[in-house]
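Undergrad: structure for this input, please:
(one chain, ligands or ions: 1)
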Amino acid sequence: MKKQSSNLKTLAVATLGCKVNQCESASFQSCFEEQGFTISPFEEVADIYVINTCAVTAKAAAQSRQLIRRAQRTNPEAKVVVTGCYAQIEPQKIREIAAAPLSIVGNANKHQVIEAALAGNEPDCSSIHNPSGEYFNDIAVQQEMSLLPVKRFAGRTRAFLKVQDGCDNFCSYCIVPYARGRSRSLSQDKVLEQAVRYAEQGHKETVITGIHVGHYGLDLKPPGSLLDLLKKLSAATPNVRYRLSSLEPTEISRELLEFMVAADNFMPHLHIPLQSGSDAILKKMKRRYLAGQFIDKVQRCKEMIPAAAIGVDVLVGFPGETEEDFLQTYELLENLLITYLHVFPYSKRPGTPAAKMANQVSTKTKDERVAVLRKLDHKKRIDFYASRIGRVHPVLVETEKAVGGLAKGFTDNYIPVRFKTDTDVSNRVVPVKLERLQERFVLGTLL
Ligand code: SF4
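TA: Got it, this is the predicted structure:
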């Protein structure tokens, strides 16, 4: 692409939602930087605003609309590009609330964000198949994943590498398959190329992300597998630490755990969605496992990798969730050796089967249940951190110092750590002895 020749100079990007959106936004930023743009904070006046929206909950959709209004208020002359899942699901709503014309770019066309931004409100309709002149293709028929290259994640030690997009599961509450289409994977060569690029740019840790990472490779010809990809990544960039963003419980195989034990650069950290501990609710959600299978999987992880951090997603207040169902979820989590919880209240997403189900749970009950589980999350974190006191862990030190001049970073098993040091060890992996528990982190000593 040609260097931009207009007098547009500054770009501000706002990102909502998942790690996949963060990955894509990082790609927009690095591509615009190559075009000669300066990146400015979203609150400030910029020439172009890119808003990478999310639709996973009603709250995320409302925040997406707020950001659009805010950008148009901050600089009414700016070119505004709206992309992401909310743009894909409700483009007409965006048109209604916009104070001035803007460009809407669907998820299948994200690679055209830059063209849309530079063209402003006159997208090049010849390159697209949409009579309204938007950068908008049918997401349901997308068979290939477009590569959005990222040079580096500015200001971060950790980089995210999107290897897969879309989902074929259609869980009954989830809007994602409608917003991101069928599961599709990036070829192994392209993943490796991007991983090497991150390593060359100095990133010491990369998180492998996708919408349904466990389905990586199944659509490729010939088919590939996530485990095979991880083995190749680990070998190609031995000095980079790797984590997986999330894996369904059914996708955590013994072979994967054996690989994690054997590979020096694969971190003992898994994030596994449970959603509910009640089999009746899991079935209504169309999840593909039962509570007992989830328990077995977590126990196996802890047997094979005792120091592993295990994060769990929970969805609270699904239609028909009784007090008894909720109690089953609570007890399951309380009794398992897990490290932290990400708790979400169920949010009705128009167009999904769950939105039409009877016995929707009141907001008050959902809020109460979320609060109970967030308390449990805090307890679990503290218990896990306490169980590692006295041990030495490798810590990747962040570039930014914590308040009080302490260096900060995360251990291999994702414990936030702070420690004193007179030398600059930022962006290095150093051994730290974990000494004292604080409210949200552990104080340690650099060895
Ligand atoms: S696995 Fe289920 S919850 Fe996850 S993205 Fe796919 S449909 Fe949504």
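Undergrad: okay, the closest residue to the ligand within the stretch 251-400 of the chain and Y216: tell me how far apart.
TA: Closest residue of the stretch 251-400 of the chain to the ligand, Cβ to the nearest ligand atom: P273 (6.9 Å). For the C-beta atoms, the positions are set from N, CA and C on the backbone; glycine is no exception. Here the criterion is Cβ to Cβ, to the nearest Å. By it, P273 lies 16 Å from Y216.
Undergrad: settle it for me: which of the two has more neighbours?
TA: Applying other Cβ atoms under 10 Å to P273 and Y216 shows that Y216 carries more neighbours, namely 26 against 18.
Undergrad: which residue sits closest to the more buried one, ignoring its sequence neighbours?
TA: Distances taken as Cβ to Cβ, 6 or more residues apart in numbering place L226 nearest to Y216, at 4.2 Å, with adjacent residues excluded.
Undergrad: the worst-scoring helix or strand of the chain on mean pLDDT: what's the following helix or strand?
TA: Across the helices and strands of the chain, mean pLDDT, DSSP states H and E gives its lowest value to helix 113-119, namely a mean of 70. Using DSSP states H and E, the next helix or strand after helix 113-119 towards the C-terminus is strand 158-162.
Undergrad: returning to what we had before: I figured the residue nearest to Y216 hits L220, correct?
TA: No: contact criterion Cβ atoms under 8 Å: L226 and L220 do not qualify, at 11.4 Å.
Undergrad: so between these two, which is more surrounded?
TA: Neighbours per residue (other Cβ under 10 Å) separate L226 from L220, with L226 holding more: 23 against 16.
Undergrad: spit out the contact partners of that one.
TA: Under the criterion of Cβ atoms under 8 Å, 6 or more residues apart in numbering, the neighbours of L226 are 213-214, 216-217, 251, 256.
Undergrad: quick check: the farthest pair among the residues you listed?
TA: Farthest pair in these (Cβ to Cβ) is G217 and L256. Separation: 13.4 Å.
Undergrad: and stretch 169-176 with the ligand, contact?
TA: Yes: Stretch 169-176 reaches the ligand (Cβ under 6 Å from any ligand atom) through 169-171, 174, 176.
Undergrad: kindly report the same for stretch 350-361.
TA: No: contact of stretch 350-361 with the ligand (Cβ under 6 Å from any ligand atom) is absent, the minimum separation being 9.2 Å.
Undergrad: residues of that stretch that come out buried?
TA: Going by neighbour count (16 or more other Cβ atoms under 10 Å), the buried part of stretch 350-361 is 352-354, 360-361.
Undergrad: point out where the chain drops to low pLDDT.
TA: Residue ranges of the chain with pLDDT under 70: 1-8, 116-149.
Undergrad: get me the contact residues on it for the ligand.
TA: So the chain meets the ligand at 167, 169-171, 174, 176-177, 211-212 (Cβ under 6 Å from any ligand atom).
Undergrad: hang on, the earlier thing: quick one: the residue nearest to Y216 from R440, how far?
TA: Computed as Cβ to Cβ, the L226 to R440 distance reads 32 Å.
Undergrad: count of neighbours near E43?
TA: 11.
Undergrad: can you tell me the SS state at the residue of the stretch 251-400 of the chain closest to the ligand?
TA: Secondary structure, DSSP: H, G, I helix; E, B strand; the rest coil: P273 is strand.
Undergrad: from H212, how far off is it?
TA: P273 is 11 Å from H212, by Cβ to Cβ.
Undergrad: between the two, what contacts are shared?
TA: E248.
Undergrad: so Y414 sits right up against T339, yeah?
TA: Yes: at 7.2 Å, Y414 and T339 qualify as touching, with contact defined as Cβ under 8 Å.
Undergrad: quick one: the strands in the stretch 151-300 of the chain?
TA: Using DSSP state E, counting those that start in this stretch, the strands assigned to the stretch 151-300 of the chain run over residues 158-162, 164-165, 184-185, 205-209, 241-244, 269-275.
Undergrad: neighbouring strands of the longest one in the sheet, and parallel or not?
TA: Pointing back at strand 269-275 there. Partners of strand 269-275 in the sheet, by DSSP bridges, are strand 309-316 (parallel).
Undergrad: can you list the buried residues in the strand it pairs with?
TA: 309-312, 314-316.
Undergrad: for F153, state which of these is nearest.
TA: Looking across the buried residues of strand 309-316 and measuring by Cβ to Cβ, the closest to F153 is G311, at 20.6 Å.
Undergrad: now do the contacts for the residue nearest to the closest one when sequence neighbours are not counted.
TA: Leaving aside its sequence neighbours, G311 sits nearest to H271 (Cβ to Cβ, 6+ apart; 4.1 Å). Counting by Cβ under 8 Å, 6+ apart, H271 makes contact with 244-247, 310-313.
Undergrad: OK, contacts around the residue in the stretch 1-150 of the chain positioned nearest to the ligand?
TA: Residue nearest to the ligand within the stretch 1-150 of the chain (Cβ to the nearest ligand atom): V56, separated by 8.5 Å. Residues in contact with V56 (Cβ under 8 Å, 6+ apart) are 17-18, 85, 174-176, 347, 349.
Undergrad: ranking the residues you listed by neighbours, who comes first?
TA: Going by other Cβ under 10 Å, C85 tops these with 28 neighbours.
Undergrad: mind listing what's buried along stretch 86-99?
TA: 86-91, 94, 98.
Undergrad: tell me how far the spatially closest residue to P238 that is not a sequence neighbour lies from A308.
TA: Spatial nearest neighbour of P238, excluding adjacent residues (Cβ to Cβ, 6+ apart): N265 at 5.9 Å. Using Cβ to Cβ, N265 is found at 15 Å from A308.
Undergrad: same question, H378
TA: 20 Å.
Undergrad: which one of those two has more residues nearby?
TA: The neighbour count for H378 versus A308, taken as other Cβ under 10 Å, is higher for A308 (24 against 14).
Undergrad: any idea how far the residue nearest to that one when sequence neighbours are not counted lies from A235?
TA: Counting by Cβ to Cβ, 6+ apart, P268 is the residue found nearest to A308 once chain neighbours are left out, at 4.1 Å. P268 sits 19 Å away from A235, taking Cβ to Cβ as the criterion.
Undergrad: look at those two and report which has more neighbours.
TA: Each of P268 and A235 has its neighbours counted (other Cβ under 10 Å); P268 has more, 21 against 11.
Undergrad: which strand or helix spans A14?
TA: strand 10-15.
Undergrad: equivalent analysis for V372, please.
TA: Applying DSSP H and E, one finds V372 within helix 363-387.
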